[in-house]
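> Build the 3D model from these lines:
(chains A and B)
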Amino acid sequence: MKSEKQLQLFEIPSLYDEHWIDMPEFKNTALAVKSVHVHFKSEDDFSVFCEKLGIKINSYSIWYKSE
Amino acid sequence: MKYPIYIISKGRWESRLTSKALESLKIPYRIVIEPQEFEKYASVIDDDKILVLPFRNLGQGSIPARNWVWEHSISEGHKRHWILDDNIRAFRYWNQNKREKVSDDMIFSEAERFCDRYLNLALAGFQYTMFAVTESLYHGNFTPKPFILNTRIYSCILIDNKIPFRWRGKYNEDTDLSLRVLKAGYCTILFYAFLCDKAKTMTMKGGNTKELYDGDGRKEMMESLIKQHPDCVRAGKKWGRCQHIVDYRPFKGNKLVWA
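Sure, this is the predicted structure:
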């Protein structure tokens, strides 16, 4: 059965709603929905992976379908 | 700003990162040094910003200087004081997914105003910028928060002068003080909205690097903290090195008390 958020009798403010009042704005969102680590046992495996995806990886992370 | 800022420094008159950062923001501060280094610091920093300690080379890391600062701020009648390490390059405000360098004392003033709302907020400080990235931005299941309650406070600390503790020991003094105040039921706040760029440990000359990290320093540091807090610290390894692992979960229940 699909879980649904239980209704609350009273709205309980979060710790942050309760305390971060009249303070500088803090609006930051997680930029990625999912992140995964991919491990390679050899340079060849890594090359094949990049080739199949048609990408070049020269840093610790990349964006899929990044602009 | 309401509260005084002290930078504790040793052997870093050339780099003096925190001093430079505060100068660029026109934020008043005083740098606390040992007497034998006065001329070197005075050659690059105004005399009136220098406080000379009444002791030298005690071999106890920064502890004596930290406690001297605490008493100094009390003697001047302050309710809290800032104590900053001397290897902070910049200060930032995190909002709209940008960690912008600040151009004035805003994050210090706002942090002070926030802390003064509570009766039992012992320590507060700014998260390191590098941790604000890895812990938040790329993890879809993590919603960034403006602060974290009841954890360790390092490097850039606003201390409530009235708490019945002082710095002690030789190693991991910031973790030790955080744990002692939390065990006593006080709260700590680690701001994520406000950040500081701290140079990585061991990447800079000076400070207490040589004194503490030489030889088996890291292992001794870890064992010392475990001895002080066996109930919530255990031995571990990080990046192939000895590293203490602290469990802050027992302090989740410490509640902020409004003034």
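
> Report the contact partners of residue 25.
With no chain named, the answer covers chain A. B:95-96 (C-beta atoms under 8 Å, 6 or more residues apart in numbering or on different chains). Bear in mind the C-beta positions are built from the backbone N, C-alpha and C, glycine included.

> switch to chain B, that's the one I care about
B:91, B:102-105.

> Repeat the analysis, applying 6 Å as the threshold.
residue B:104 (C-beta atoms under 6 Å, 6 or more residues apart in numbering or on different chains).

> Grab the most central residue of chain B for me.
residue B:155 (2.2 Å; C-alpha atoms, centre = their mean).

> and the gap between the closest residue to that one other than its chain neighbours and chain A?
Distances taken as C-beta to C-beta, 6 or more residues apart in numbering or on different chains place residue B:85 nearest to residue B:155, at 4.5 Å, with adjacent residues excluded. Residue B:85 is 24 Å from chain A, where distance means C-beta to the nearest C-beta, to the nearest Å.

> With residue B:29 instead?
22 Å.

> my guess is that residue meets residue B:6, correct?
No. With contact defined as C-beta atoms under 6 Å, residue B:29 does not reach residue B:6; the gap is 7.2 Å.

> For the residue nearest the centre of chain A, what are phi and psi?
In chain A, the centroid-proximal residue (C-alpha atoms, centre = their mean) is residue A:32; its distance is 3.3 Å. With angles defined as degrees, to the nearest 10, residue A:32 sits at phi -110, psi 140.

> so the nearest residue to residue B:58 once chain neighbours are set aside, which of the three states?
Of all residues not flanking residue B:58 in the chain, residue B:64 sits nearest, at 5.2 Å (C-beta to C-beta, 6+ apart). Three-state assignment for residue B:64 (DSSP: H, G, I helix; E, B strand; the rest coil): helix.

> Residue B:64: how many residues sit nearby?
For residue B:64, the tally of surrounding residues (other C-beta atoms under 10 Å in any protein chain shown) stands at 18.

> hang on, it packs against residue B:56?
No. Here residue B:64 does not reach residue B:56: they are 9.7 Å apart, not a contact under C-beta under 6 Å.

> in chain A, which spans are helices?
Counting by DSSP state H, the segments of chain A that form helices are A:15-19, A:43-53.

> list the buried ones in the last one?
Pointing back at helix A:43-53 there. By neighbour count on 16 or more other C-beta atoms under 10 Å in any protein chain shown, the buried set for helix A:43-53 is empty.

> which helices and strands sit right next to it?
If you count contacts as 3 or more C-beta pairs under 6 Å, 6 or more residues apart in numbering or on different chains; DSSP states H and E, helix A:43-53 packs onto no helix or strand.

> Could you count how many residues lie near the nearest residue to residue B:186 once chain neighbours are set aside?
Using C-beta to C-beta, 6+ apart and skipping residues adjacent in sequence, the residue nearest residue B:186 is residue B:122, 3.8 Å away. Per other C-beta under 10 Å, the neighbour tally for residue B:122 reads 28.

> So stretch B:233-251, near chain A or not?
No. Judged by C-beta under 6 Å from any C-beta of the partner chain, stretch B:233-251 and chain A are separated, with a smallest distance of 13.8 Å.

> Now render the helices of chain A as TSV, adding mean pLDDT and distance to residue B:229.
Formatted as TSV, those follow (pLDDT from 0 to 100; distance: least, C-beta to C-beta, whole Å):
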stretch	mean pLDDT	distance to residue B:229
helix A:15-19	90	25
helix A:43-53	92	43
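
> closest to residue B:51 out of those helices?
Nearest of those to residue B:51, taken as C-beta to C-beta: helix A:15-19 at 34.2 Å.

> Off-centre distance for the closest one?
23 Å (C-alpha atoms, centre = their mean, to the nearest Å).

> quick one: secondary structure of residue B:100?
Once three-state DSSP is applied, residue B:100 turns out strand.

> Bridged to it, which residues?
Under DSSP bridges, the beta-bridge partners of residue B:100 are residue B:93.

> Make a markdown table out of the helices of chain A and add distance to residue B:191.
Formatted as a markdown table, the helices of chain A follow (distance: least, C-beta to C-beta, whole Å):
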| stretch | distance to residue B:191 |
| --- | --- |
| helix A:15-19 | 12 |
| helix A:43-53 | 39 |
